[in-house]
Structure formats: C-alpha cells, structure tokens
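Asker: give me coordinates for this.
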Amino acid sequence: MRIAVMGTGGVGGYFGGKLAAAGFDVGFVARGAHGAALAAEGLTIESGVTPIERMPIRVVSDPAELGPVDLVLFAVKLWDTEGAVEQLKPVLTADTVVISFQNGVDAGDRIAAMIGAGHVAGGVCHIGASIARPGVIRHLGTLARLTVGAFDGAVDPRLEAFSAACTRAGIDHALTGDIRRAIWEKFVFLSAMSGVTALTRRPIGDIRADPDLRAFFHDAVRETVAVARARGIGIPAEQADKVMGFADALPAGMKASMLHDLERGARLELPWLSGAVVRMGAEAGVPTPVHRAIWCALKLDAAGR
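Answerer: Numbering: from 1, shown residues only. Below you'll find the model as predicted:
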C-alpha cells in the first residue's frame, strides 16, 4: 500500500509516522520550516505512549512528486481543502481513496464534488497532538484513535486494507457503517472545545474547573446536539452529558487546534466550527446563542494576523 499524507501536522504527522515506522510506503507533503526540518532531520514524535525520534521520512512539497498512491490521509486545514485536492489530482488512480480526517461536517462532500464520491471516505480522529516546533509532533495524553468508513455505509476493500495496516502499525482504530454520525458526534464535542478554549485562551482543565465556564461549555455542546437532531442526525439528546464525561477525562492542559492557531496568529477554522453551528442552527430554527457569541467574538481573528 502506497500512502500519501496531505497535511503533516498533529494528525497527519502522528498517524503517518506510525504507519511509516511500521514499514509502509508513506510520503509526506509538508512545506515551510516544518517541511525543511522533516527533510533534513526526520520526523520526531514526542509522546508518552509511542515516541519516535528522528525517523527519516520521504517529504515533498508537491504531491505530484510522490507518483500514484493507493490511499491519502487528508488532514489539511479546512480553508485549504479545495486547493489541496487540486494538488492531489496527479497522484490519484482509478482506485485511490482519500480519507478526510478534517474537522467540521462537510469536508467529505467538498472533496467529493471535485474528484467524485467513489474516491472519498470519511474519517474521525481523536488525538491531542500538534506541531511543537519544526519537525516535531507533540502528542498529549494517551488518546490516539481513528474511525473510518464509506459515506454510503458499504464495505470497502480499500478501507479494510487500511484497517489491516493500522493493526500492523499498532494504531487504535475502528471501521464503521455510519461515518456521518461518527463525524457529527465528534463535531458536537469539537465545536464546543474549539470555540470555548479559543474564546477564553484557556485549556480544557481551566474551563471545566470553573462553574460558570463549565456551564457555558455544556451549553455550547447542547446547542450542537440540538442542531444535529434538527438535521436528522441520529444523536440522542443525552449525548451532551456523554461529551461532558469525555471532556472531564481529557488531560487538563489540552487545547483545541483552533486555540493553537489563534496563539500563532494563524487562520482559524471558525467558519466551519462555531460559525457552521450558527448557520445550520438558523436554517433549522434552532437557537445557538453560545456559538453566536463565540463566532462574533473571534470572527475578526479568523483571517489570522
């Protein structure tokens, strides 16, 4: 199996690194200082679970340099989706599958509009990881899990082959017949986690320890649950309480990637997270005052410095 990693940040760097360490043919697309460091010094993963120290990897700035691939781990920021898909076209064959591990709920549809639904599968990633410095991925805590599935719910031999690769690489993962629900379940958590940590500039531990902020976070979760249910997604109302239990189990220092981006002065995925909750809530007649507050407070930072 020939694998391309499009977006060598916390997600692509960690899971792509695990696959490369297991002996799979993995090519990484990375640019700038991070790409230069990866090419010169290799990939380092700082983790209390599965550390990797300066493993040589194949790094390119243009995906076309990789040649045809069987599978793409697609983990670019949401604003880069269309541009990154366009760059990927030279490596796609009739059988290549692109698995989107992006945030939000519409990335798969956006990719399918460009290359066809048969080339796209959905993915959900649960991990606290980010670029600590050029060439280095830092994994916080022990959670590192992938869920993948075909959007039509069918059994896909390409995804079964990827599952076998994950097993060989020691990656905790699951195949699902309802990937859209899995994506929305993550979105219920992530929309609140990204919005509230970025709004307060605080990690989850500070938020859950303060009664007012904990209630604010819980309300953000409830709003996204209500929007999901109004759109016909099979998420139970009690999902909000389940998410709070999940948040309580996270490392106290964990921050959403959007807060990391805000701290670096980078662009934010806000329009596809809290912004999307506000938009979809308005379409469905569901009030979303917490996400509207997050959207209004951060929207002038969304373009970055």
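Asker: chain center to the helix or strand bottoming out on mean pLDDT in the chain, what's the gap?
Answerer: Within the chain, no helix or strand scores below strand 52-55, which has a mean of 92 by mean pLDDT, DSSP states H and E. Averaging C-alpha coordinates over strand 52-55 and over its chain gives two centres that are 23 Å apart (CA atoms, centre = their mean, to the nearest Å).
Asker: buried residues, it. List them.
Answerer: residue 52 (16 or more other CB atoms under 10 Å). (C-beta placed from N, C-alpha, C; glycine too.)
Asker: ok, that strand: who's next to it in the sheet?
Answerer: strand 43-46 (antiparallel) (DSSP bridges).
Asker: only C-alpha atoms, please: export the least confident helix or strand of the chain in CSV.
Answerer: Listed in CSV are the C-alpha atoms of strand 52-55, where the atom choice follows Å, rounded to 0.1, in the frame of the first residue of the first chain:
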residue,chain,number,x,y,z
ILE,A,52,9.6,8.3,17.6
GLU,A,53,13.0,10.0,17.5
ARG,A,54,14.2,11.5,14.2
MET,A,55,12.9,8.8,11.9
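Asker: and for that strand, what's in contact with it?
Answerer: When contacts are taken as CB atoms under 8 Å, 6 or more residues apart in numbering, the neighbours of strand 52-55 outside the stretch itself are 17, 18, 20, 21, 41, 42, 43, 44, 45.
Asker: my guess is residue 260 contacts residue 130, does it?
Answerer: Yes: A contact is recorded between residue 260 and residue 130 when judged using CB atoms under 8 Å, the distance being 5.1 Å.
Asker: between these two, which one's more packed in?
Answerer: Neighbours of residue 260 and residue 130, each counted by other CB atoms under 10 Å, are more numerous for residue 130; the result is 22 against 16.
Asker: convert the C-alpha atoms of the helix or strand that contains the more buried one to CSV, please.
Answerer: Secondary-structure assignment from DSSP states H and E places residue 130 in strand 120-133. Extracted as CSV, the C-alpha positions of strand 120-133 are listed here (Å, rounded to 0.1, in the frame of the first residue of the first chain):
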residue,chain,number,x,y,z
VAL,A,120,-13.7,9.7,-0.8
ALA,A,121,-14.2,8.2,2.6
GLY,A,122,-14.9,9.7,5.9
GLY,A,123,-12.6,9.7,8.9
VAL,A,124,-12.7,10.8,12.5
CYS,A,125,-9.6,11.3,14.6
HIS,A,126,-9.4,11.7,18.4
ILE,A,127,-6.0,12.9,19.5
GLY,A,128,-4.3,15.8,21.3
ALA,A,129,-1.4,16.5,19.0
SER,A,130,0.2,19.5,17.4
ILE,A,131,3.4,20.7,15.8
ALA,A,132,5.6,21.6,18.8
ARG,A,133,8.4,23.0,16.6
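Asker: now do the buried residues in it.
Answerer: So, applying 16+ other CB under 10 Å, buried residues of strand 120-133: 120, 121, 122, 123, 124, 125, 127, 128, 129, 130, 131.
Asker: list the contacts of the second one.
Answerer: Going back to what we said before, that points to residue 121. With contacts defined as CB under 8 Å, 6+ apart, residue 121 is in contact with 97-100, 108, 148-151, 156, 158-159, 179.
Asker: can you pick out the most distant pair from these?
Answerer: 108 and 158 (15.0 Å; CB to CB).
Asker: higher neighbour count, the two?
Answerer: The neighbour comparison of residue 108 against residue 158 (other CB under 10 Å) goes to residue 108, with 24 against 18.
Asker: paired strands for whichever helix or strand comes after the strand holding residue 130, with orientation please.
Answerer: Helices and strands here follow DSSP H and E; after strand 120-133, the next one along the chain is strand 136-149. Each strand pairing with strand 136-149, determined using DSSP bridges, is listed with its direction: strand 43-46 (parallel), strand 120-133 (antiparallel), strand 172-175 (parallel).
Asker: check which helices and strands the longest helix anywhere in the chain sits against.
Answerer: What stands out as the longest helix in the chain, according to DSSP state H, is helix 179-200. Secondary-structure packing of helix 179-200 (3 or more CB pairs under 8 Å, 6 or more residues apart in numbering; DSSP states H and E): strand 120-133, strand 136-149, helix 204-209, helix 211-230, helix 239-248, helix 257-264, helix 274-284, helix 289-298.
Asker: can you lay out the contacts of residue 121 as TSV showing pLDDT?
Answerer: What follows is the contacts of residue 121, written out as TSV (pLDDT from 0 to 100):
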residue	pLDDT
97	98
98	98
99	98
100	98
108	96
148	98
149	98
150	98
151	96
156	97
158	98
159	98
179	97
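Asker: most neighbours of all those, which one?
Answerer: Neighbour tally across these (other CB under 10 Å): the maximum, 31 neighbours, falls on residue 100.
Asker: having no further points to raise, I will conclude here.
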